[in-house]
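Asker: sequence unknown, structure follows:
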């Protein structure tokens, strides 16, 4: 049984239905598109400001320099000190009042007058960070020395056991040689008789 080549009688009705839907929806779609604001129609007061880079490793900034830079771009700066309990090894190489973090990423777009939180370190935090670093280094050195001592102790233990084993093996070989020599001597004596 093959397919029949008769045309579908409902095709005209379907095409008419689709054409009717398209003609009904077109005015609504055009009105909706017209209501969407375009980029060039935005008000000039909504101009966005690019956030300057504050936490560069190559060019670290002091707190007052960062505040001037932010306020020069039309933003508000809110300085926050790193607490001593938040001291970390990463602050050990910083200088007093160095900016270490910011809540906005560099080159992000901000509205004028938006608040930017600047985090900076003080001398106390830097000293605590140095103490933490030195303590960590001391612990690493102690652990390394303990491992070296254990390794040396294991080698000594292996050497003594290897020496004992060698002495026992030598004694065993000597016993076998003596036994063989005695056997040969007895065989020689028996052969003479």
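Answerer: That came through, no problem. Note that the coordinates shown come from a computational prediction; the quantities given were computed from them, not determined experimentally.
Asker: what stretches of the protein score poorly on pLDDT?
Answerer: The model of the chain has pLDDT under 70 over residues 1-12, 37-46, 186-193.
Asker: In it, which helix is the longest?
Answerer: Counting residues, the longest helix found in the chain (DSSP state H) is helix 123-192.
Asker: which helices and strands sit right next to that helix?
Answerer: Helix 123-192 is packed against no helix or strand, with contacts defined by 3 or more CB pairs under 8 Å, 6 or more residues apart in numbering; DSSP states H and E. (C-beta placed from N, C-alpha, C; glycine too.)
Asker: Residues contacting stretch 104-118, please?
Answerer: Outside of stretch 104-118, the residues within contact range by CB atoms under 8 Å, 6 or more residues apart in numbering are 46-55, 63, 66-67, 70, 74-80, 99, 101-103.
Asker: so who does the residue nearest to the spatial centre of the chain touch?
Answerer: The centre of the chain sits closest to residue 90, judged by CA atoms, centre = their mean, with a distance of 14.5 Å. Residue 90 makes contact with 100, 129 under the criterion CB under 8 Å, 6+ apart.
Asker: Just confirm it is within a strand.
Answerer: No. Read with DSSP: H, G, I helix; E, B strand; the rest coil, residue 90 is helix and lies in no strand.
Asker: Distance of it relative to residue 122?
Answerer: 15 Å (CB to CB, to the nearest Å).
Asker: Assess the claim that residue 52 and residue 71 are in contact.
Answerer: No. At 10.7 Å, residue 52 does not count as touching residue 71 under the criterion of CB atoms under 8 Å.
Asker: higher neighbour count, these two?
Answerer: Each of residue 52 and residue 71 has its neighbours counted (other CB atoms under 10 Å); residue 52 has more, 17 against 12.
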